[in-house]
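> sequence and predicted structure below; questions after.
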Amino acid sequence: PGSLGVHTPHAIPPQKGFETTFGSMNGGYRTNFLWENDGTGGLKLTPVEYTPSWPGPGLPYRYSEDVTADRVVKFVKDNAGIAPFAAYVAFEAPHVPLDRLGPGQYAGTAWPEVQKRYAAMVTNLDKNVGQILTAISDPNNDGNTADSVASNTIVVFTSDNGALWAGDTSGYSTEFFDSNGPYRGQKANTLEGGIRTPFFVRWEGVTTPGSVNDDYVGNFSNIYPTFAELIGQETPFGQDGVSMLSTITGQGEVTEQDALVWTSKDFFSGLDQKSWAVQMGDWKLIRRMSNMAYELYHIAADPYETTNLATSRTDIRNALQEVVQLEGVLEEPFFETNSTSAGLNVFFTQYKSWAPQGGSNDFAAAGNWSGGTQRNRTTDPDAKYWNTGPSPNWLATVANTSGGFQNATVTADAKVLGLHIRGDAGGMQVTVASDVTLEAYNGVRIGTGGFFQLAGGTLTTAKEIEIQAGGRLTGAGEITGYQDVIAGIPEFAGKGLLEPEVRNAGVIDIFQGNLGGLLTIDGDFEQTDSGQLHIDIFGAGVGGTAFDKLAVSGDATLRGALVVELGAAFTPLPGQSFSVLSASSIVASSLQLLGPDASWFNMSVIGGTDLVLTFASADFDGNGTVNAGDLLVWQDRFGGVSGGQGDADADGDIDGADFLSWQRQLGSIAASAAAASVPEPSGMALSASIVLALGLLRQPAMKKQRGC
């Protein structure tokens, strides 16, 4: 694998799931031995095979990149057509030292010697990549591509940083081959020359050779989610990045991060490169930690970063300063201006887990949290690194590992970097109390057995709230983002930046006691095929008070099911309508209406912005049962103007929609069925019962117990 930057035994490739490993464990390292699997989950040193070549016959070494390429080619041939395979190939060339490969075909040029050898390294890399691609297209190397696996093998070629830094002691110059083009900066810093790299994708039959995408901007964090989507796996909680599979295939909706972040803590060639950078839209902000200076560039108009706008556009500078902290690059208390003897305090993420201790269900109680307590210096107090309670650098997992049902209560405002709720051994709920805000900068995942309840509180995030199958979002309250950070900045307006996106593959059950609940989402909402939205109707009136309502400020894409249930004391009149979901736009082509009372409602989208349920009763003859007799009534009056009978939805027309109501409700029993089970009443009482039966077409079942 070349350089994996491994520093602990638990991080070596065999411990990360790689079945085959061969290479060095440190960048730029050269030796007569390379690491290889030992068959027990560890590594062993293996002598490098060599073929006498440059600089002369009989010398006991071989260029490491050729050895790596040979191993990869063998790996492809051994697995092609037999089983799925994945290979991480980290070529180290071109890399210092630049005196380990001869000038080869460039020996006769007038170039400086170091540039000849650099060119030879690049040519060698090209040759070795070509050998791997050939092995994919013709595994048995017989010239016949019938055994090719190129059509179901995706190849990504990229680099980890820009060109070598200026002033390297080898004498190499980035300008000689124009390695960074017109871009400022180099390896180890956060200018475009340090972070902008080539990115090639080959997927035979899917990608078009020679095609270029100039619009998409991403970073390395997107590679893992892309491959995960490709094989149908979810990414681990807290994993940065989004899948770019739709960009590669040209199919589906393209997903991009609102912001991209880079950090550097290196000191190269006498230059302090410690800095961070954040780009959102066309704007990029850099903060240099050596002097705490800001650099702000409009990348679209100034891709070469020549005009610093940090003082003229303080609104954008201040906004991006907040955005980078939402992305987990926190200056305080981690960064310090003095990076000499004290060392630079570099931000790191804390992985924390919650479990109740001593009978306390408090989300904020320090004693309920466990996990690595990290420090950059052992003399620093816990409070300096926010180890004493939920903090903006915590990827927090709240999981029930002991059984029963557990509830972590958030009774005071709290912040975490991300939140994962799951019920490993029993139900696990996090409840946000009324008028309390829980911030989870990088999103929330509600896994199987996990419950997230808004009891009048607020959940704030800049990213996705993912309700997985088996997870539930319940209650009433607000889900919002950080739109206020960029409010008033026209360059960021109307792009949906820093807004939450709720994706429901589980259950959303809105409720507020025995009244209608209102759940607002200040962003977009998507419900998948497995998702359910539960709505209860207690009376006529305003949505969110008389009945449950979901109010979405952005777009709503609805699949799965809308589950509707009537309150025990309420039966609507025919034709009464209830707007149960509003959004700026609604697509609900495959949404199903389910639930114990679903057959009594027609569902429609009005004006493209309101999902409306209209009560309809097909008990046209008033006998308490929807049966064939009601069909005869409808047939007799079909095409006429409503006079009561035959017009299920009370829209004034007796038409096909009323027949569909009859079809859905066929066999249903109206409230009058209750009268049949009691002794025959007196004449006056019987008349009253008939009137009652005509007025109350159906006595709904007792309201379900509103759960946790």
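Okay, I see it.
> what ranges do the strands span in the stretch 101-250 of the chain?
Secondary structure of the stretch 101-250 of the chain (DSSP state E, counting those that start in this stretch): strands located at 155-158, 199-202.
> against which helices or strands is the longest helix along the chain packed?
Counting by DSSP state H, the longest helix found in the chain is helix 113-137. When contacts are defined as 3 or more Cβ pairs under 8 Å, 6 or more residues apart in numbering; DSSP states H and E, helix 113-137 sits against helix 64-79, strand 155-158. C-betas here are computed from N, CA, C, even on glycine.
> distance between the first one and the chain's centre?
Here the centre of mass of C-alpha atoms in helix 64-79, compared against the chain's by Cα atoms, centre = their mean, to the nearest Å, lies 34 Å away.
> tell me the buried residues in that helix?
By 16 or more other Cβ atoms under 10 Å, the buried positions in helix 64-79 come out as 64-73, 75-77, 79.
> which of the residues you listed sits closest to residue 582?
Of all the buried residues of helix 64-79, residue 79 has the smallest distance to residue 582: 52.9 Å, by Cβ to Cβ.
> tell me the confidence at the closest one?
Listed pLDDT for residue 79 reads 93.
> wait, doesn't it sit right on residue 85?
Yes. At 4.1 Å, residue 79 counts as touching residue 85 under the criterion of Cβ atoms under 8 Å.
> so what's residue 198 up against?
157-159 (Cβ atoms under 8 Å, 6 or more residues apart in numbering).
> try 6 Å
Not one residue lies near residue 198 by Cβ atoms under 6 Å, 6 or more residues apart in numbering.
> next: residue 454.
Contacts of residue 454 (Cβ under 6 Å, 6+ apart): 432, 475, 477.
> just the mean pLDDT for the longest helix of the chain, thanks.
Averaging pLDDT along helix 113-137 gives 95.
> which outside residues touch that helix?
Counting by Cβ under 6 Å, 6+ apart, 65, 69, 72-73, 76-77, 91, 93-94, 98, 101, 103-104, 106, 145, 148-150, 153, 170-172, 176 sit against helix 113-137.
> cool, stretch 406-417 as well?
Under Cβ under 6 Å, 6+ apart, the answer for stretch 406-417 is 328, 354, 361, 363-364, 390, 392-396, 398, 400, 428-433, 436-442.
> quick check: buried residues in that stretch?
406-410, 413-417.
> wait, which of those residues is closest to residue 24?
The nearest one, if we look at those relative to residue 24 and count by Cβ to Cβ, is residue 417, at 33.4 Å.
> look up the pLDDT of that closest one for me, please.
pLDDT, residue 417: 93.
> distance check, it against residue 396.
8 Å (Cβ to Cβ, to the nearest Å).
> any weak-confidence spans in this structure?
1-10, 25-34, 45, 47-61, 165-170, 266-272, 330-348, 372-387, 642-644, 670-708 (pLDDT under 70).
> looking at it, which strand is longest?
For the chain, the strand with the greatest residue count under DSSP state E is strand 450-460.
> list the neighbouring strands of that one plus their orientation.
strand 428-432 (parallel), strand 437-440 (parallel), strand 472-480 (parallel) (DSSP bridges).
> redo those strands as CSV? Include distance to residue 273 and mean neighbour count.
Output for the strands paired with strand 450-460, formatted as CSV (distance: least, Cβ to Cβ, whole Å; neighbours: other Cβ atoms under 10 Å):
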stretch, distance to residue 273, mean neighbour count
strand 428-432, 40, 25
strand 437-440, 31, 22
strand 472-480, 37, 23
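> wait, which of those strands is closest to residue 543?
Of all those, strand 472-480 comes closest under Cβ to Cβ, at 11.6 Å.
> alpha carbons of that closest one, in CSV - could you do that?
What follows is strand 472-480, C-alpha atoms only, in CSV (Å, rounded to 0.1, in the frame of the first residue of the first chain):
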residue,chain,number,x,y,z
ARG,A,472,-38.2,7.2,15.4
LEU,A,473,-38.4,11.0,15.5
THR,A,474,-41.3,12.0,17.8
GLY,A,475,-43.0,14.9,19.4
ALA,A,476,-43.3,18.5,18.4
GLY,A,477,-40.8,21.3,18.1
GLU,A,478,-38.4,22.8,15.6
ILE,A,479,-35.5,21.5,13.5
THR,A,480,-33.4,24.3,12.2
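> and that strand, how far from the chain's centre?
19 Å.
> contacts for that strand?
Residues contacting strand 472-480 (Cβ under 6 Å, 6+ apart): 451-460, 467, 500, 506-509, 512, 517-522.
> ditto for stretch 548-557
Outside stretch 548-557, the residues that touch it by Cβ under 6 Å, 6+ apart are 510, 516-526, 535-536, 543, 580-587.
> mark which of the residues you listed are buried, thanks.
With burial judged by 16+ other Cβ under 10 Å, the buried subset of the contacts of stretch 548-557 is 510, 516-526, 535-536, 543, 580-583, 586.
> inside strands: which ones of the residues you listed?
Those of the buried ones among the contacts of stretch 548-557 lying in strands (DSSP E): 510, 518-521, 524-526, 535-536, 580-582, 586.
> dump these to a markdown table, plus distance to residue 607.
Shown next, in a markdown table, are these (distance: Cβ to Cβ, whole Å):
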| residue | distance to residue 607 |
| --- | --- |
| 510 | 22 |
| 518 | 20 |
| 519 | 21 |
| 520 | 19 |
| 521 | 19 |
| 524 | 18 |
| 525 | 17 |
| 526 | 20 |
| 535 | 19 |
| 536 | 24 |
| 580 | 15 |
| 581 | 13 |
| 582 | 10 |
| 586 | 9 |
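> and the two most separated of the residues you listed?
Going by Cβ to Cβ, the pair spanning these furthest: 524 and 536, at 24.2 Å.
> measure residue 322 to residue 462 for me?
10 Å.
> an error on my part: the question was meant for residue 92.
Applying Cβ to Cβ to residue 92 and residue 462 gives a distance of 37 Å.
> repeat that for residue 390.
Relative to residue 462, and taking Cβ to Cβ, residue 390 is found at 17 Å.
> residue 212 now?
31 Å.
> more crowded one of the two?
Per other Cβ atoms under 10 Å, whichever of residue 212 and residue 462 has more neighbours is residue 462, with 24 against 6.
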